[in-house]
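> Pasting a predicted model and its sequence here:
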Amino acid sequence: MSAHLTGASDGPKTAPTRPFSPGRVRRPRVAVVNDYELVVRGVAGMLAPFADRIVVTDAIVIDGAVRNGPVEVALYDTFGRPHVERRSIERLVRDPEIARVAIYSFDNTESELQEALAAGASAFLSKATPAEGLVSQLERVAAGELVTSAPGQLASATTRSDREWPGQELGLSEREAEVAVLAALGQRNADIGQTLCIGVDTVKTHLRRAFRKVGVRNRTELSVLLRDHPTFRRLAMPPDTQLAD
């Protein structure tokens, strides 16, 4: 299925049937999913002004399963994740407490989009979308519609200021923080570029800016800084990461 088939001009499409099917509901319940509490709180804070339209729950995700559910939509923020992790999506999709799974990302290349849809996701949503637009998309997903952005639309997305992410307090943009995380985890520039669907020169630019902003000279120092920083403690940093490329 091509991504353009789900655009607004094509009319509603139906997402895959799930065990728990909410139909059209008032104020659908949405659980934000990510490894970082700060990311979850940031997205929840961005959506808070729209509490009359959606409910961002305090559900807890453990090993890909939602507790304190059920929820109409699990919004899976890809921050700090290499590629779309199919197994993680499949675990969420199998959870009977989750009606739909929506991926929330900077990038939706055709391959990433198809991987997510093949895993059972019902949406692939852009981080460039303003909060009110995201709420409208989540309402459509909760009603059973398959919602995606066109391939390549997200690659030029700019960081929004109404959301929090790990590294923001260090002065890093969300994209710089993602590049820094992957570099600290030992990925080479080419690997980071492939992971985030950006060019190697763009990776280098983000890294140079990140090094300058946090006051380090190379990946080894970056790895140590992030490993010791409270908002990055979930990362399993390699102890002797060396500067590559």
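Received, thanks. Bear in mind the structure is a predicted one, so any value in this text is a computation, not a measurement.
> Now that F50 has come up, it's in contact with V135, right?
Yes. F50 is in contact with V135 according to CB atoms under 8 Å; the separation is 4.6 Å. Bear in mind the C-beta positions are built from the backbone N, C-alpha and C, glycine included.
> in the protein, which helix has the most residues?
helix 200-214 (DSSP state H).
> residues near F106, how many?
Burial of F106 is recorded as 21 neighbouring residues (other CB atoms under 10 Å).
> Relative to G167, how far out is L75?
20 Å (CB to CB, to the nearest Å).
> Over to G215?
Taking CB to CB, one finds G215 at 13 Å from G167.
> the more surrounded of those two?
Using other CB under 10 Å, the more surrounded residue of G215 and G167 is G167, with 26 against 10.
> what's the distance between the more buried one and V203?
Distance from G167 to V203, by CB to CB: 16 Å.
> Can you pull out the low-pLDDT segments for this structure?
Low-confidence segments of the chain, defined by pLDDT under 70: 1-25, 60-65, 81-84, 107-109, 150-163, 231, 233-245.
> hmm, 80 instead?
Along the chain, the model assigns pLDDT under 80 to residues 1-26, 35-38, 59-69, 80-85, 106-112, 149-164, 185, 194-198, 227-245.
> mind listing the strands for it?
Listed in chain order, the strands of the chain (DSSP state E) span 29-33, 55-56, 60-62, 65-67, 71-77, 98-105, 123-126, 147-148.
> What lies in contact with the second one?
What it means is strand 55-56. R27, P28, R29, V30, A31, V32, V43, A44, L47, A48 (CB atoms under 8 Å, 6 or more residues apart in numbering).
> can you list the domain ranges for the protein.
According to automatic domain parsing, the chain comprises the domains 3-148, 168-232.
> which residues in this protein form helices?
So, for the chain - with DSSP H - the helices run 37-47, 86-94, 110-118, 131-142, 174-184, 189-196, 200-214, 219-228.
> Out of those, indicate the one that is most buried.
helix 174-184 (a mean of 25; mean count of other CB atoms under 10 Å).
> now it, how far from the chain's geometric center?
Centre-to-centre, helix 174-184 and its host chain are 13 Å apart (CA atoms, centre = their mean, to the nearest Å).
> Against which helices or strands is that helix packed?
Other helices and strands packing on helix 174-184, by 3 or more CB pairs under 8 Å, 6 or more residues apart in numbering; DSSP states H and E, are helix 189-196, helix 200-214, helix 219-228.
> List the contacts of it.
Contacts for helix 174-184 (CB under 8 Å, 6+ apart): 79-80, 82, 106, 127, 159, 163, 165-168, 170, 172, 189, 191-192, 195-196, 203, 206-207, 209-210, 213-214, 219, 222-223, 226-227, 232, 235, 237, 241.
> Just the C-alphas of it, formatted as PDB.
Backbone C-alpha positions of helix 174-184 (Å, rounded to 0.1, in the frame of the first residue of the first chain) are rendered in PDB as follows:
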ATOM      1  CA  GLU A 174      15.600  17.600  19.200                       C
ATOM      2  CA  ARG A 175      17.400  16.500  16.000                       C
ATOM      3  CA  GLU A 176      20.900  17.300  17.500                       C
ATOM      4  CA  ALA A 177      19.900  15.300  20.600                       C
ATOM      5  CA  GLU A 178      18.900  12.300  18.500                       C
ATOM      6  CA  VAL A 179      22.200  12.500  16.600                       C
ATOM      7  CA  ALA A 180      24.100  12.900  19.800                       C
ATOM      8  CA  VAL A 181      22.400   9.800  21.400                       C
ATOM      9  CA  LEU A 182      23.200   7.600  18.400                       C
ATOM     10  CA  ALA A 183      26.800   8.900  18.200                       C
ATOM     11  CA  ALA A 184      27.200   8.200  22.000                       C
END
